[in-house]
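K.L.:
Give the three-dimensional model of this entry:
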Amino acid sequence: MDDTIFQLIPKIIGDVGTVAKTGKNTMQNYAYRKGDEVVAALQPLFAKHGVFLVPEVLEQSFEQVRVGKNETLQFHVMLKAKHTLYASDGSFVAGVTTGEATDSGDKAANKAMTSAVKYFLTETFSIPTVDPKDTEEKNPELTQTEPATPARPKPPITKNLLGTEKWIKWLGGFPNYDKAMTAIKAQYSFPVDDRGPEAFVREFFEARQ
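P.N.:
Prediction:
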């Protein structure tokens, strides 16, 4: 009689060993485990024990965002995925994880799915890392006694630039009035009301319809 998935998962946990953090995020200065290396560590054990994984995207959202000092336009994807592990006897177990990623090309959805699968496998099979400390322990926010006040981003435009090409180009990156005003309220140091750019922004999007 074949083992059930509930018997096989502990066996795989016992065999898988560690997966090192060989990936490096140079912008935010942290190490991470690559998704393909997690899969590579599990693949021969899945084949040995007759286990396979079937992923399914349950929810997905997509938007264009501007990031960095240069306000580079990128694609941002968030998704929720269900992952089902099957054994040869037909037994199965499922879990749900989320994934999030941005990319300037067409890889945002791929990256988000890779993240969702990686964390499902890492948590389900309790895969340890060879690093003595996890990334979260290096987060400076954890050592602060008071919440840090986030720095206000430098606004891309100011009042005296209303109506200029730079202002219009910046507004063109938003799909509607509400999205634009949300970004303005988050970035501007002056009040956004009847003295600010609200009227001009509304006219801009009404004219674009």
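K.L.:
Not counting its neighbours along the chain, what's nearest residue 128?
P.N.:
Distance criterion Cβ to Cβ, 6 or more residues apart in numbering; nearest residue to residue 128, sequence neighbours excluded, is residue 18 at 5.0 Å. Placement of C-beta: from N, CA and C, glycine included.
K.L.:
my guess is residue 6 contacts residue 93, does it?
P.N.:
Yes - between residue 6 and residue 93 there is a contact under Cβ atoms under 8 Å: 6.8 Å.
K.L.:
the domain parsing of the protein - what is it?
P.N.:
With domains defined by automatic domain parsing, the chain comprises 5-132, 159-208.
K.L.:
pLDDT on the first one, on average?
P.N.:
Okay, so that is domain 5-132. Averaging pLDDT along domain 5-132 yields 91.
K.L.:
now the last one
P.N.:
Summarised as a single mean, pLDDT over domain 159-208 is 62.
K.L.:
Helices of the chain, residue ranges please.
P.N.:
Applying DSSP state H to the chain gives helices spanning 5-16, 35-49, 108-124, 165-171, 177-187, 198-208.
K.L.:
would CSV of these with mean neighbour count be doable?
P.N.:
Below are the helices of the chain laid out as CSV (neighbours: other Cβ atoms under 10 Å):
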stretch, mean neighbour count
helix 5-16, 16
helix 35-49, 16
helix 108-124, 19
helix 165-171, 15
helix 177-187, 16
helix 198-208, 13
